[in-house]
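S.K.: 3D model of this:
(2 chains)
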Amino acid sequence: MSSSQNPGNLSDTRGNHGGIAFFRLLIRCCGRRVACGFVWFIAFFYALFDGRAFASSRPYLSSRFPEANWLCLRIHFFRLIVSQGQAMIVAHWLQSGNTLPITTRNNSVAQAELEKSDRGLILLISHVGCWQASLRHLLSFSRPINLLIQANQNTGTAALLVGSNIRIVDNSSDFGGLLECVSALERGEIVCIMGDRHASQAESSLTMDVLGNTREIPSSPWYLAARCNLPILPLFVLLKPPLASAIEYRFVEPMEVKTQNNRRPSNSDFLPAVRQYARELEDIATEFPYQVFHYSLQKGTKNG
Amino acid sequence: MDEQTKQFRLKFKQQLIEWLQLEDKTPEDIVDDQPLFGEGLGLDSLDAVEIVIALKREYNIPQTEVDKNREIFVSFEALADFVQKHL
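M.R.: Here you go, the predicted model:
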């Protein structure tokens, strides 16, 4: 789907092949720090001229910074774009075989979940920080990784990280890629699902309130969790200042999705866990306001 | 179609209605050669997951077996034949 068809998906304008090639060259010639610094200049032009991106980030920024006037929102938008650019640079930096200092929070929680049985693990990834780097870190768990994602230009960066143990499952393929996910979980593999953005109208969805904005999110991770009797484990990959010089892999406590007996799960069964996920996102937005990439032109926003 | 197949298909239609909670459907509404997904019965990807889980629970058919035979989801007939072969 092109960006003109889906205004919520703007990654194809800021992660196009020309831009990626330029920054790869810059990273190779001058290093990651220079590239991350250069993003401030590039982002300035986006902040001035990319009205569509500004409009789509406004529901998030208005609710995160409710006191901000138009000019302040534009400045916040600038910083958001800088942060997103730096996240992409870090993704390419890692893809090139380089490393960054890392810290983890609750890493043992994920390890413990995997060790509980030979069943797989459902990891909920969000458009926060350098989510692409999550794949790299998950390799340390020594289990094959499946990333359920929309196979458009949004996956360009992720595709670069695909290796022998990482596979992209296209959610626009047959049955939304969910049968592959069930099989992968049966084999004891890790399934990563983008949990904070509904990918297409064909996908089953539910709504989640984050910072007063109503977002449509996919119901597939919650459904899989209920049906495969597995908890959901959110993972946030956060970049540390200055110039994205370190990464924090932050796991959240597992979220259980409970249904009664063999009854088919419905969206109402997911609500308690979804609310918990929303609270985690809000905490991240408080701590790292420029690392939450919630671009959306959805209706139903209470702010902005 | 022999009597045994006819009986099985009727029972399997009732099971599908129950598994997928198709409360507004009766076995007669499920036409044997009608597509299950999209046009036809109008099932979606979550329904596919539900069918796969139920096949394992009720008929002990492993998910990997279903995964290798995606064509079984083309129609009710194809799905029913696949399940009947595993009885």
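
S.K.: residues near residue A:110, how many?
M.R.: Other residues near residue A:110 number 23, with proximity taken as other Cβ atoms under 10 Å in any protein chain shown. Bear in mind the C-beta positions are built from the backbone N, C-alpha and C, glycine included.

S.K.: quick check: chain neighbours aside, which residue is closest to it?
M.R.: Nearest residue to residue A:110, sequence neighbours excluded (Cβ to Cβ, 6 or more residues apart in numbering or on different chains): residue A:251, at 5.1 Å.

S.K.: so how far is chain B from that neighbour?
M.R.: From residue A:251 across to chain B, the span is 25 Å (Cβ to the nearest Cβ, to the nearest Å).

S.K.: how about that residue, phi and psi?
M.R.: phi -90, psi 150 (degrees, to the nearest 10).

S.K.: taking chain B, what residue is nearest to chain A?
M.R.: residue B:45 (3.5 Å; Cβ to the nearest Cβ).

S.K.: give the contact list for the nearest residue to residue B:45 once chain neighbours are set aside.
M.R.: Distance criterion Cβ to Cβ, 6+ apart; nearest residue to residue B:45, sequence neighbours excluded, is residue A:176 at 3.5 Å. Residue A:176 makes contacts with A:202, A:203, A:204, A:220, B:44, B:45, as judged by Cβ atoms under 8 Å, 6 or more residues apart in numbering or on different chains.

S.K.: off-centre distance for the lowest-mean-pLDDT helix or strand in chain B?
M.R.: The helix or strand of chain B with the lowest confidence, counting by mean pLDDT, DSSP states H and E, is helix B:63-68 at a mean of 79. Centroid displacement of helix B:63-68 relative to its chain, using Cα atoms, centre = their mean, to the nearest Å, is 14 Å.

S.K.: anything in that helix sitting right up against chain A?
M.R.: Yes. Helix B:63-68 reaches chain A (Cβ under 8 Å from any Cβ of the partner chain) through B:63, B:64, B:66, B:67.

S.K.: residues near the residue nearest to residue A:110, how many?
M.R.: 19.

S.K.: tell me where the model's unsure across the stretch 1-150 of chain A.
M.R.: A:1-16 (pLDDT under 70).

S.K.: let me see the ranges of the strands in it.
M.R.: With strands called from DSSP state E, counting those that start in this stretch, the stretch 1-150 of chain A shows them at A:102-105, A:121-129, A:145-149.

S.K.: so for the first one, what gets flagged as buried?
M.R.: By neighbour count, with 16 or more other Cβ atoms under 10 Å in any protein chain shown as the criterion, the buried positions of strand A:102-105 are residue A:102.
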